[in-house]
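[1] Provided below for reference: sequence and predicted model.
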Amino acid sequence: MTGKEFRSLTEKGTVLLDGGTGSCLRSMGMPVGVCTEQWVYDHPDVIRKLQEEYADAGSQILYAPTFGANRMSLANMGLEDQVEELNRMLASRTVEQTGERVFVAGDMSTTGKALEPYGPMTYDGLMDIYKEQIRLLAGAGVDLLVAETLLSLEEALVICDAAHAVCDLPLLVSFTCEGDGNLYFGGNVTEAAAALEAMGVAAVGVNCSVGPDQLEAVIRRLKDTVSIPIMAKPNAGMPVITETGEAVYSMGAEEFAEKILRLRDCGASLIGGCCGTTPEYIRCIRKRLG
């Protein structure tokens, strides 16, 4: 997919993304404490079922299950030697299984390590980590790239540089933020969005962290700040942690669909769900979109 093709897609109307992955996989048998990417690699039928359900529900863009498959995050699980196999296979399987029905995004996220002087990561080190993952995802045939649940603008700028150095695929960037738009490693999402538009990203927005009912002001400010499409992929409300460690989210599918369409009215043109959402949530949004 080219940047022009992505713009054409968003100009046709609201684009429906997928919903949660990790939270769904937990309900489908994935144990606590394992590497998600390794588990879905070893259980291809489970992730195929979930992806097909999202496509059936109406998702137009599916995220390949490569969220934490950068070298740094895999090293935390002792799996850094699997970075090439996991990215190539998880992305290519998604393309092969659903690519005729939906667009496939190569998914990336934070390493969890802040850049100098606030943390141990150097620019060059982080650049190499993301260039490696982007090269593998692009080589596997994804249609576009998405960097989600980012914690800082500095991290996002490195990903932009890495993407520009490796390929011409459209890059979508979304941050996890507080309800007031503040980012966890400093700054706010509105300032970050303006900087990323100048860097040439295809879309910018927010995901995870809070429910859709807490993001209306954030989406309005983004709409007033940037001219590129805005993404909204929040959690199904705020979770309650049970005695067994399970996160139970407060918002059902119908209520979530109502709230996410209010974000659409505030300016979001790419909408979906994050933690706690399922194919049923996406199906309810699709019904309301008509």
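    On my side now, so go ahead.

[2] residue 1 - nearest residue in space that isn't next to it in sequence?
    Nearest residue to residue 1 in three dimensions, chain neighbours excluded: residue 143, at 4.1 Å (C-beta to C-beta, 6 or more residues apart in numbering). Where C-beta positions appear, they are placed from N, C-alpha and C, glycine not excepted.

[3] next one: that neighbour relative to residue 259, how far apart?
    Using C-beta to C-beta, to the nearest Å, we find residue 143 at a distance of 28 Å from residue 259.

[4] which parts of the one helix or strand in the chain whose mean pLDDT sits lowest are buried?
    None of the helices or strands of the chain scores lower by mean pLDDT, DSSP states H and E than strand 239-241, at a mean of 78. For strand 239-241, burial by neighbour count (16 or more other C-beta atoms under 10 Å) applies to residue 239.

[5] chain center to it, what's the gap?
    Put simply, strand 239-241 sits 21 Å off its chain's centre (C-alpha atoms, centre = their mean, to the nearest Å).

[6] isn't residue 248 right next to residue 238, touching?
    No: counting by C-beta atoms under 8 Å, residue 248 does not reach residue 238; the two are 10.1 Å apart.

[7] give me the more crowded residue out of those two.
    Using other C-beta atoms under 10 Å, the more surrounded residue of residue 248 and residue 238 is residue 238, with 15 against 11.

[8] quick one: residues contacting that one.
    Going by C-beta atoms under 8 Å, 6 or more residues apart in numbering, residue 238 touches 210, 211, 249, 250.

[9] pretty sure residue 6 belongs to a helix, no?
    Yes: membership of residue 6 in a helix is supported by DSSP: H, G, I helix; E, B strand; the rest coil.

[10] contact partners for it?
    By C-beta under 8 Å, 6+ apart, the residues touching residue 6 are 144, 170, 202, 203.

[11] same question for residue 62.
    Neighbour list for residue 62: 18, 51, 54, 55, 94, 98, 102, 103, 104, 105 [criterion: C-beta under 8 Å, 6+ apart].

[12] just give me the closest of the residues you listed to residue 232.
    Closest approach between those and residue 232, by C-beta to C-beta: residue 18, at 13.3 Å.

[13] how many other residues sit next to the closest one?
    By other C-beta under 10 Å, the residues close to residue 18 number 28.

[14] is it true that it touches residue 285?
    No: in this structure, residue 18 is not within contact of residue 285 by C-beta under 8 Å, at 10.9 Å.
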